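>>> what shape does this take:
(chains A and B)
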Amino acid sequence: MARVKNSQELLNLRDALRAARRDRARSAVRVFVGMGTCGIAAGAREVLDALRRELDAHRVTAEIVPVGCIGACQMEPLVDIQINGGIRVTYRNVRPDMAPRLVQEHIIAGRVVSEWALARLAWDETDPLAQGQPDGLDALPQYADLPFYAKQQRVAMRNCGLIDPGCIEDYLARDGYLALARAVSTMRPADLVDEVTKSGLRGRGGGGFKAGVKWALAAKQVSDIKYVVCNADEGDPGAFMDRSILEGDPHAVIEGMALCGYATGASTGIVYCRAEYPLAIQRLREAIVQAEAHGLLGDDILDTGFAFHVKIKEGAGAFVCGEETALIASIEGKRGEPRPRPPFPVISGVWGKPTNVNNVKSYANVPRIILNGADWFRSIGTEGSPGTAIFALTGKVKDSGLIEVPMGITLGEIIFDIGGGIPGGKAFKAVQTGGPLGGCLPTRHLNVQVDFDSLRSAGAVMGSGGMIVVDEDTCMVEFSKFFLQFATAESCGKCVPCRVGGQRMLEVITRISEGRGKLEDLDTLRRLADGMKQGSLCGLGQLTPGPLMSALQYFEEEFRIHILEGRCPAGVCKMLTRARCINACPAEVDIPAFVALIGQGRYAEALEVHREHNPFAAICGRVCPAFCEQKCRRADIGEPLAIRHVKRFMADHEIQQPWTPAHVDAPRSQRVAVVGAGPAGLTAALRLCQQGYPVTIFEKLPVAGGMMAVGIPEYRLPRNILNAEIENIRRAGAEIVTGRELGVEFTVDSLLDVDGFSAVVLAIGAHKSRRVGIPGEDLPGVIHGTDFLREANLGAPPPVEGKRVAIVGGGAVAIDAARMAWRLGATEIHLVYRRTRADMPAWGDEVQAADVEGIHFHFLTNPTRILGEDRVTGLECAEQSLGEFDMSARRRPVPIAGSEFVLDVDVVIPAVGEAPDVDCLQGSAGVSVNRDSTITISADLATSREGVFAAGDAAMGPATVVMAVAQGNKVAVSVDAYLHGHRMVTPRWVGDFRAIPQIFNVDDYAEARRPVMPELSVAERYRSVAEVELGLDEAAARAECRRCLRCDLEWMSTTHPIGASEDALLAGMMED
Amino acid sequence: MSALCVTIDGKDITVESGATILEAARTAGIDIPTLCHHPALNDIGACRMCLVEIAGVPALQPACTYPVADGMVVQTESERSVQMRKFVLEMLFSERNHYCMFCEMSGDCELQAQAYRHGLAHWTYPTPNPRLPVDASRRFFLMDHNRCILCRRCIRACSDVVGNHTLGVMARGAHTMVTADMDQPFGDSTCVSCGTCLQVCPTGALVDRRSAYMGRHADVQTTESACAFCSVGCAITVVTRNGRPLRVEGGFDGPNAGVLCARGRFECLEGRERVAQPMVRRNGELTPATWDEATTRVADAFRAARPGAVHAWMTAVALTETMDAMADAFRNRLGAEVSLLSRPPEGPLPNGGALADIDAADRILVVGGDLRETHPVVAYRIQRAADHDAAITLVADGPSSFSAMAHEAFPMARLNDACKECQDAARPVIVYSADLPPEARQALSGLSTGARLIPLHSAANMPNALTLGLGGAAAWEECDLLYVLLQDGVLTEEQRERARSAAFVVLHAAYRGPDDDLASVLLPAPLWHERAGTFAAMDGRRAVVKPSTRRPESVWPEAAVFEGLAARV
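Numbers count the residues shown, from 1 in each chain, chains lettered A, B, ... in the order given. All right, here's what the predicted structure looks like:
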């Protein structure tokens, strides 16, 4: 290798290299294999070997080029194939067994294997004149157009994944070392500092300190020796961009450091890289040797007399060594601990000499800035934070990986556009930026711009660039505990606030996560956090409380639930989550127990378990959205257990057996009035009867059941089933008086003052439809969703037969109305919803069923006007596009101007939400109502009037049967306490603890599949209210129960010491 | 260095640039609370007690490390600072067992004092119970990790002051512990028992076994004195209670800069049977006698002895006043030939260096002897200089405990080569054994005009002995009477052999010992802490020794004994 003597020679060399490579490529097959650590971990080595074997077997001469990481971790191993200098085709998730077909079809037959191909990759090494483009190329998207890539912009990572990092010629052909050549031959060091200052480059290590200012200070120091240190101690779990750059483009970092050396007057560069990055270190070593051999590094660079040497210092991998003073201590061979600044390293650093410390990414940016100019750099990103940011996007996001984006992009764009959103239909919860010392940002910050200052003002930090997306299944208590554990374990132990404060915080958060917390703990945490933040010596200690504090700021309610209710809403905290299904069930039904009992054919016992928490097994077996199944652990390895289906089987099996709920307490004289005979009212009445109180339920409608009777259509819930379970409540002793309307025939005042009731439970439901608020909403032919369903369910359906109907809305009522209208003989049914299908609040199965039944969906469509003179003739709608994210983590629909169109319909059924009809509270003094018409309650469900409680939809807004049941249980506990003369803080309905043995080997059911619910054919459903779901047979139901993983038993054995009885239980597990 | 003006708590203070806020504040009598700070140690800003508010600086800053700038305005007792100190104290009290009631340091503990100052009336966080080990494997003092606040003063003392690097921290975060070497028991470690760590510990984590629970600072008396066990002449503070010595502390302002050796700090106080009153040999047994009886016997022996057959041996560790009195009495009035127990060097001793010169040296030439055995404090000083990049050149025959840390080593025969190596040094210091042959010393003195030379004597007051012209014990034909001023030393085997040939032996000693069987009469000498006087240290200083405990009436000062004897004879 010849030394390059000046810039002209370097330019010539570049051109020659480009030409030679193009020539060589024109007649060659080249296979690029992503061989970063991530690729290798995903099996790239095996893929490379398989490809080579296959090529040899076919006697195909091909050049196999190992390249760095392109960032698409989800898709590793990635293989690019380029034939005769043409366009590269990228294949994703390549396995060794795919090699034969790739070679056979793509390389030999010249045909893209389209089902494995990801994209085509055109970049500057692509030869426009090249022949040999494979067939099928046109059908492939450009790599740059892939959602994962489209919003990215590569500056620091521009070469990663494209060039062979072990080959300096690859770098030189991509303008490598031209910036250095230009600087040393045409610029004074001060010019270089000026250019970096003008570019506005801010330190990419996370702090965001202006690089130009630091360089200028370092340049100003008078010293015989100065150092340029590259901080490659990337210790943030989940962030690996520094490694990726060092592995994929080591020369960029070396060139950046050399430029810094020239600017600041330093002749020694030290890369401090953790020893856990062996590949990065190896690549760096090779690169240093190559650069020195070319005269681009070493004593007399490009014969200008400028000397710059780069050494590597391997760190043992302490997180705190990323702090610059600790890093310097470690370079000096001392224990890696920070020291107070001043003096700053730029004045007194390595061995007391002026030292410029910057991050890998900062240095990697510098050659581009010098080559393209500060103005170019400023044109990317924002005013305050020019350039790009690199994130390791990970967590609950569809496409994870390393991404480089211009500063100023919003968090929502990164998560939903680049990352593809949240997998599994789960809800976005928060995003943690800045790694374990960062902060989490909730939904409301999805529109925050990603740059140093905006993130900081939102309460998070840029930090190391870790970006962890979490969904509803993440417990913020556990999540922040995890980071706190990491940070406290990495505390060096030098200063008191960090060493002790972190430990105290960890103890408190652990206590909370185990249900042993106290409310004062939240203040204690804040106090500790403040002490650590203000008192700690270095950033590690100051930022350690960050994740927890931001979680507490945005998710305090979740912490309070852990403390006050001993419950982990996300079902993560081990001590608080017996099983995820029980945890997910609002009524906390002991699901594993009843499922196990069904599996053993003990249906009556199973039903008894169910009724302990929820008296409506047959109803919920039909209409429950099955929150339990959404969290079922079996879904992690396949499909969730069909809990609702087996529950229905159990309930139906026993439906003929009358149930007289047992009274658990002696009869009491205080009488309780329940207003409303819906699920909440009925459940409350049941529990109060069981506790010995005489209860009277007053119902406005002619039938009992509330929304179960007049909201849910009969084809989902047959009336005989409903009535059978309501009858059980009567058997418990509750008197149900129908046709008695609050506010008309009686008031809360009269119940308490005249009728002698000691307490009143308001469970009046949410039967009033919200208005859309568009012109024409009062025209004849407009009937609101709940009214429509009520009339239909009470046997007096509104006339829709033979008519064209438009439904507005995407919730359960909208779908029920649509399907009901279809059954009533409407000819054409349009469902207009302003967002996308994925955004619909309605239950997916129901949407699916409506689809099957022929409902026309109009997504991203919003009604603007209901047309008609004296009755409805049409519905004018406007198409919507998606704008910013709203509080539900969904994009807000924005009307597209001029997109209006008219649906010709005769009936419009608006179903955009329901609310309690609180007009009936006239004359019920002292019961306050919220702005959304729900009744104001405290945590124990007491209203603002003493002795009056509220539960169900009336208190929480429209919800589900099981949630109403849960509230019914809860309000009964609260009323009982009240009638005993005290108040509950957080009433909770607690059932017996059961451990039903598992009498079979779970492995035998590892391969079992979820049964399919038999359904009525679509033809049979039309113009009929016959039940659609037909129910599982006994064999299917019992077999399904054995798929249950019995998380409850695991909980028992891991978090509760096993006593003698449990030993016997486990011993019984293997019999059957 | 230029003067700067800063305003601290409203007071305008002028200090040299480079001073820290803490230093500036203390010159003005403003007491900023500290825990990890110790004036003799490098500051590390770890405990966060001294956090202060600086106008224009958003975060609180440690006063102990933050340099003052001209015009700086500092608040040391702002609400934020005080709150932060309370927080730090709460944290420390929640970390380990700081239940003061049973602690040796209660009353003298800096942590406890800060807690009182900041009104910590209760534990804010649950009282901890970590049950950490107590390392009692060291002979003179023990380490109770339960009381440790991890201020690292002990570690800095060990590394920065003594240069021994035994102590360090292991693990991290809440698991951080002070440890010796690679987590050895302290007693098995490279610890040299200099006790500097013990002296700087702010709490009861390092406990002196001898003086533990013997009294708090307010209950004891202290006497500034000098250690007379070797020619270094370390400044010491002798701590006593009711006339009983409790412990010895090193003086940070002395030539030793706070460091002492195990002998000077601990071994000297070890209980040994002392000679409490005169004894005479009756029927072959040493039995108690009155001073009159004993002196009469000795006087009789003097009178009976033939001229020229009376010899006196004197320890060169004796204080100048004792030495002078003995030389005068025995030479001029008792007609004895006086000689030294240790052989004095012959010829000139090039000198002129002080121990403090070692700190600034760029090359240190160590010639002869085994410093770590004979003059540990000098050895520590050289170790410390080596940490600051001074090159160490060792010239010695045979193994030396210094071999491991020397950058170069030469045999004595190649002394000249070693000297050549030092020729280029900017600030060379030569530490040599005074027992070197004269020609070797000659070679050293010719080395370099800029070199600082420090002779190390085999005995503390040898320079004074030299001025008195005393020599080593001469051969005798016959000896009718031998008088040995032994103090707390012992005779060599050779000396003991010779003493056996004397007809009558008077032993004047502080402790009972192996030489007692030689004695015809045994006279009590005062202990080192009962004596007053001076001695000439190796750098020519006149070190002043003060009595810190009362001498028993049955023990007379040596000079009085000599006088009495001379009068009788």
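
>>> what does chain B put close to chain A?
Residues of chain B lying near chain A by CB under 8 Å from any CB of the partner chain: B:44-48, B:51, B:59-62, B:65-67, B:80, B:84, B:87-88, B:91-92, B:94-95, B:125, B:149-150, B:152, B:168-169, B:171-176. All C-beta spots, glycine's among them, are computed from the backbone N, C-alpha and C.

>>> distance of residue A:375 from chain B?
The gap separating residue A:375 from chain B is 33 Å, by CB to the nearest CB, to the nearest Å.

>>> look up phi and psi at that residue.
Main-chain torsions, residue A:375, degrees, to the nearest 10: phi -70, psi -40.

>>> now do the SS call for the residue lying closest to it once chain neighbours are set aside.
Leaving aside its sequence neighbours, residue A:375 sits nearest to residue A:198 (CB to CB, 6 or more residues apart in numbering or on different chains; 7.9 Å). Counting by DSSP: H, G, I helix; E, B strand; the rest coil, the backbone at residue A:198 sits in helix.

>>> quickly note the distance from residue A:198 to chain B.
Taken as CB to the nearest CB, the span from residue A:198 to chain B is 27 Å.

>>> for that residue, what are its contacts?
The contact partners of residue A:198, by CB atoms under 8 Å, 6 or more residues apart in numbering or on different chains, come to A:212, A:374-375, A:378.

>>> same thing with residue A:494?
A:337-338, A:537, B:44, B:46, B:150, B:152, B:176.

>>> most widely separated two among these?
Largest separation among the contacts of residue A:494 by CB to CB: A:338 and B:150, giving 15.1 Å.

>>> residues from the stretch 351-500 of chain A in reach of chain B?
Contact residues, the stretch 351-500 of chain A versus chain B (CB under 8 Å from any CB): A:488-497, A:499-500.

>>> now the residues of chain B next to chain A: which count as buried?
Buried members of those, counted by 16 or more other CB atoms under 10 Å in any protein chain shown: B:44-48, B:51, B:60-62, B:65-66, B:84, B:87-88, B:91-92, B:94-95, B:125, B:149-150, B:152, B:168-169, B:172-174, B:176.

>>> where strands are concerned, which of these count?
B:51, B:61-62, B:168-169 (DSSP state E).

>>> so where's the stretch 301-450 of chain B uncertain?
Applying pLDDT under 70 to the stretch 301-450 of chain B flags residues B:448-449.

>>> can you name the residue of it nearest chain A?
Here the stretch 301-450 of chain B gets closest to chain A at one residue, residue B:389, 10.1 Å apart by CB to the nearest CB.

>>> which residues touch the residue nearest to that residue when sequence neighbours are not counted?
Distance criterion CB to CB, 6+ apart; nearest residue to residue B:389, sequence neighbours excluded, is residue B:362 at 7.5 Å. Residues in contact with residue B:362, defined by CB under 8 Å, 6+ apart, are B:389-391, B:425-428.

>>> which strand or helix spans residue B:535?
Using DSSP states H and E, the element containing residue B:535 is strand B:533-536.

>>> ok, the most centrally placed residue in chain A to chain B distance?
Centrality entry for chain A: nearest residue to the mean C-alpha point is residue A:471, 3.0 Å, by CA atoms, centre = their mean. Separation of residue A:471 from chain B (CB to the nearest CB) stands at 31 Å.

>>> any idea how far chain A is from the spatially most distant residue from the centre of chain B?
What lies farthest from the middle of chain B is residue B:56; by CA atoms, centre = their mean that is 46.1 Å. To chain A, residue B:56 is 14 Å away according to CB to the nearest CB.

>>> cool, and residue B:99?
For residue B:99, the distance to chain A (CB to the nearest CB) stands at 17 Å.

>>> report how many residues lie close to the residue nearest to that residue when sequence neighbours are not counted.
Leaving aside its chain neighbours, residue B:99 sits nearest to residue B:127 (7.5 Å; criterion: CB to CB, 6+ apart). Neighbour count of residue B:127, defined by other CB atoms under 10 Å in any protein chain shown: 10.

>>> is it correct that residue B:127 falls within a strand?
No: under the criterion used here (three-state DSSP), residue B:127 is coil, not part of a strand.

>>> just the pLDDT at it, thanks.
What the model reports as pLDDT for residue B:127 is 71.

>>> doesn't residue A:975 make contact with residue A:984?
No: the criterion here is CB atoms under 8 Å, and residue A:984 misses it with residue A:975 at 9.7 Å.

>>> give me the more crowded residue out of these two.
residue A:975 (32 against 18).

>>> which residues does the more buried one contact?
Residues near residue A:975 by CB under 8 Å, 6+ apart: A:672, A:684, A:688, A:693, A:759, A:761, A:949.

>>> go again with 10 Å.
By CB atoms under 10 Å, 6 or more residues apart in numbering or on different chains, the contact set of residue A:975 is A:670, A:672, A:674, A:684, A:687-688, A:691, A:693, A:695, A:758-761, A:940-942, A:947-949, A:951, A:984, A:987.

>>> repeat for residue A:187
Here residue A:187 is in contact with A:179, A:193-195, A:259, A:262-263, A:370 (CB under 10 Å, 6+ apart).

>>> over to residue A:175?
Counting by CB under 10 Å, 6+ apart, residue A:175 has contacts A:10-11, A:14, A:18, A:124, A:158-159, A:367-368, A:371-372.

>>> ok, 7 Å please
A:14, A:371 (CB atoms under 7 Å, 6 or more residues apart in numbering or on different chains).

>>> for residue 181, what are its contacts?
No chain in the question, so chain A it is. A:7, A:10, A:302.

>>> not quite, go with chain B.
B:166, B:189-190.
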